[in-house]
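1. here is my input, please return the structure:
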Amino acid sequence: MPSIDSFTDITYTVDNGLAWITINRPERYNSFRARTVDELIMAFKTAWGSDKVGVIALTGAGEKAFCTGGDQKQRMETGDYGPSDSGLFEIDSLHRVIRDTPKPVIAAVNGFAIGGGHVLHLLCDLTIAVENARFGQNGPRVGSFDAGFGTGLMARAIGEKRAREIWFLCRQYSAEQAVEWGLANKVVPAGQLQQEVREWADEILKLSPTSLKVLKQSFNADTEHFAGIGQMAYSSLKLFGDTEEANEGITAFNEKRAPEFSNYRGN
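-> Numbering: from 1, shown residues only. This is a model prediction of the structure:
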């Protein structure tokens with residue numbers, strides 16, 4: 001695992017009990033490659049183990065994107081998400097550490113939260129978004145999917161019909177819509193996002209950390225089985241990624257055209 005001093009794709013800072021983990025790839029709309037995921041895992045583990053941290057905030061650099069999921073340009077260039085320390089694409093481990101860290105995690109959504117980035121915000125305990133934030137899924141459009149937490153946890157949060165709409169139509173939704181549906185907690189003007197997170201963190205920091213830990217574990221218990229479903233989904237996705245259908249999705253995305261999936265409807 002990379003050390004904090006060697007981070008290239010994210011930044012990690014701590015301020016009065018609040019750890020800020022920032023995906024720092026604004027030129028790629030804060031999409032993640034394998035190295036990004038490795039660094040995020042290390043940052044969350046560092047915050048978990050630090051007695052100087054009581055709340056963790058996850059956000060993206062710049063004003064355009066929180067996170068837009070896996071780096072599709074990288075996927076097109078190399079067929080995967082690039083090298084990692086373990087040789088594995090550790091996205092499942094990242095999902096686990098966000099859930100398992102006993103400290104509340106706030107998603108500070110400063111722009112697009114799309115695809116895998118949408119799943120990351122969903123896994124956080126709380127979500128505060130700027131007025132121009134956009135939420136949605138993109139997997140079926142690029143020949144991918146994120147089942148498990150990405151489907152089951154979403155359905156628990158907003159209901160089956162709305163969750164299926166998000167996945168089956170791949171539309172984008174406003175921050176106000178996200179709050180109305182239960183995907184986010186609050187919307188604030190862009191210039192007030194960090195201050196709002198700070199205020200929420202300060203309220204949390206006054207509370208018993210052991211109580212918060214047990215409460216978070218209790219909330220998680222009811223949806224823990226989605227982890228196993230997610231592992232099966234990752235196995236399927238690895239096999240699916242080598243098919244012509246998946247290749248059409250990613251090729252169309254990088255060529256900025258509509259994919260042609262009609263030949264695969266009989267599968």
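
2. which positions within the helix or strand of the chain with the lowest mean pLDDT qualify as buried?
-> One helix or strand of the chain scores below all others by mean pLDDT, DSSP states H and E: helix 72-78, with a mean of 77. Within helix 72-78, the residues that qualify as buried are 72, 74-75, counting by 16 or more other Cβ atoms under 10 Å. Every residue, glycine included, has its C-beta placed from N, CA and C.

3. likewise stretch 235-244?
-> Residues of stretch 235-244 classed as buried by neighbour count (16+ other Cβ under 10 Å): 237, 241.

4. other residues contacting it?
-> Stretch 235-244 is contacted by residues 79, 143-145, 147, 246, 264 when judged by Cβ atoms under 8 Å, 6 or more residues apart in numbering.

5. ok, the residue nearest to residue 64 when sequence neighbours are not counted - contacts?
-> Closest residue in space to residue 64, ignoring its immediate chain neighbours: residue 111 at 4.6 Å, by Cβ to Cβ, 6 or more residues apart in numbering. Contacts for residue 111 (Cβ under 8 Å, 6+ apart) come out as 29, 60, 62-66, 130, 132-134.

6. kindly report the same for residue 34.
-> Applying Cβ under 8 Å, 6+ apart, the residues contacting residue 34 are 80-84, 89-90.

7. go again with 6 Å.
-> Applying Cβ atoms under 6 Å, 6 or more residues apart in numbering to residue 34 gives the contacts 81-82, 84, 89.

8. lowest-confidence entry in the residues you listed?
-> Ranked by pLDDT, these bottom out at residue 82, which scores 74.

9. which strand or helix spans that residue?
-> Assigned by DSSP states H and E, residue 82 belongs to neither a helix nor a strand.

10. so it makes contact with residue 31?
-> No. At 11.4 Å, residue 82 does not count as touching residue 31 under the criterion of Cβ atoms under 6 Å.

11. higher neighbour count, these two?
-> residue 31 (26 against 16; other Cβ atoms under 10 Å).

12. what residues does the closest residue to that one other than its chain neighbours make contact with?
-> Nearest residue to residue 31 in three dimensions, chain neighbours excluded: residue 71, at 4.1 Å (Cβ to Cβ, 6+ apart). Residues in contact with residue 71 (Cβ under 6 Å, 6+ apart) are 28, 31, 33.

13. find me the pLDDT at the closest residue to the first one other than its chain neighbours, would you?
-> Take residue 28 and drop its neighbours on the chain: the residue closest to it by Cβ to Cβ, 6+ apart is residue 71, 5.7 Å away. What the model reports as pLDDT for residue 71 is 86.
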